[in-house]
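J.: okay, sequence plus prediction incoming.
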Amino acid sequence: MPSTFNTVDSEVALTHTTIHPVWVRIFHWINAAAVIAMCLSGWQVYEASPIFLAIRFPASIALGGWLGGALLWHFAVMWILVANFVAYLTLGVVTARLRKKFFPLGLRAIASDLVAALRGKLSHGDVSQYNAIQKLAYLVVIADIGIVVLSGLAIWKSVQLPLLRTLMGGYDNARIVHFFAISVLVGFFAIHVVMVALVPRSLLAMIRGR
């Protein structure tokens, strides 16, 4: 009986504890909207000069209507994405939230949670705590957004930023890096939506904070 009471008390306490502060929730939803708009407009830009002829994007899932319109959308949302990303990282470091949420993270923990996930036994009971797979996924997507921004700059300002263009392997290679970095974001988004469907409490926590 004591253990039952302890479990109930823990669940009640969790419902009254703020999991995601207001600034995290604001940045999360702005980032989600910006990434979606960047992807949709980017696909329209891609259609004007495809990198891989076998990979095309129909107008029904693109944003902008034509190359000029897509570029206007892409550049406008780009500033929102960059400002939001920088502000999130800055506050995350200043408040130590990034360190507390995503670290420590070790290979043993990743391997253990990966095996549990493959067996369908990975626990999601406490949405306030990230498991090792979640920590790794969020760290990867944070780094990936950085690559998206840098490769995008290398494409947009190729002449003005020769060092960045060189680090990306040249203009053409920067386009490939940008394409695959965006693909990682799309993959993360798809998995994220599936996980939210499986654990709807995580969506509620990101909406109301607890």
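T.: Cool, got the structure.
J.: what about the residue nearest to the spatial centre of the chain, which SS state?
T.: The centre of the chain sits closest to Val141, judged by CA atoms, centre = their mean, with a distance of 4.6 Å. For Val141, the secondary structure call by DSSP: H, G, I helix; E, B strand; the rest coil comes out as helix.
J.: what residues are up against it?
T.: Residues counted as contacts of Val141 (CB atoms under 8 Å, 6 or more residues apart in numbering) are 184-185, 188. Just so you know, the C-beta spots here come from the backbone N, C-alpha and C atoms, and that holds for glycine as well.
J.: which residue ranges form the helices in the protein?
T.: Applying DSSP state H to the chain gives helices spanning 2-15, 22-48, 67-94, 97-102, 107-118, 132-156, 162-167, 171-198, 201-208.
J.: and the fifth one, what does it pack onto?
T.: Packed against helix 107-118, as judged by 3 or more CB pairs under 8 Å, 6 or more residues apart in numbering; DSSP states H and E, are the following elements: helix 132-156.
J.: distance from the chain centre to the helix it packs on, please.
T.: Centroid displacement of helix 132-156 relative to its chain, using CA atoms, centre = their mean, to the nearest Å, is 8 Å.
J.: in it, what's buried?
T.: Neighbour counts over helix 132-156 (16 or more other CB atoms under 10 Å) mark 132-138, 141, 144-145, 147-155 as buried.
J.: same check, this time on stretch 59-68
T.: 62-64.
J.: ok now it, how far from the chain's centre?
T.: 23 Å.
J.: cool, stretch 113-123 as well?
T.: Using CA atoms, centre = their mean, the offset of stretch 113-123 from its chain centre is 22 Å.
J.: check stretch 64-82 too.
T.: Using CA atoms, centre = their mean, the offset of stretch 64-82 from its chain centre is 19 Å.
J.: give me the contact list for that stretch.
T.: So stretch 64-82 is contacted by 30-31, 34-35, 37-38, 40-42, 44-45, 48, 59, 62-63, 145, 149, 152, 156 (CB under 8 Å, 6+ apart).
J.: equivalent analysis for stretch 20-32, please.
T.: 80-81, 84-85, 87-88, 91, 97, 145, 189, 205-207, 209-210.
J.: repeat that for 6 Å
T.: For stretch 20-32, the surrounding residues in contact (CB atoms under 6 Å, 6 or more residues apart in numbering) are 84, 88, 91, 205-206, 209.
J.: pull the CA atoms of it into PDB?
T.: The C-alpha trace of stretch 20-32 is given here as PDB (Å, rounded to 0.1, in the frame of the first residue of the first chain):
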ATOM      1  CA  HIS A  20       8.500  23.100 -20.100                       C
ATOM      2  CA  PRO A  21       8.800  26.800 -19.100                       C
ATOM      3  CA  VAL A  22       6.900  29.400 -21.200                       C
ATOM      4  CA  TRP A  23      10.000  30.400 -23.200                       C
ATOM      5  CA  VAL A  24      10.700  26.800 -24.200                       C
ATOM      6  CA  ARG A  25       7.200  26.300 -25.400                       C
ATOM      7  CA  ILE A  26       7.200  29.500 -27.400                       C
ATOM      8  CA  PHE A  27      10.500  28.700 -29.100                       C
ATOM      9  CA  HIS A  28       9.400  25.100 -29.800                       C
ATOM     10  CA  TRP A  29       6.300  26.200 -31.700                       C
ATOM     11  CA  ILE A  30       8.000  29.000 -33.500                       C
ATOM     12  CA  ASN A  31      10.700  26.600 -34.500                       C
ATOM     13  CA  ALA A  32       8.200  24.000 -35.700                       C
END
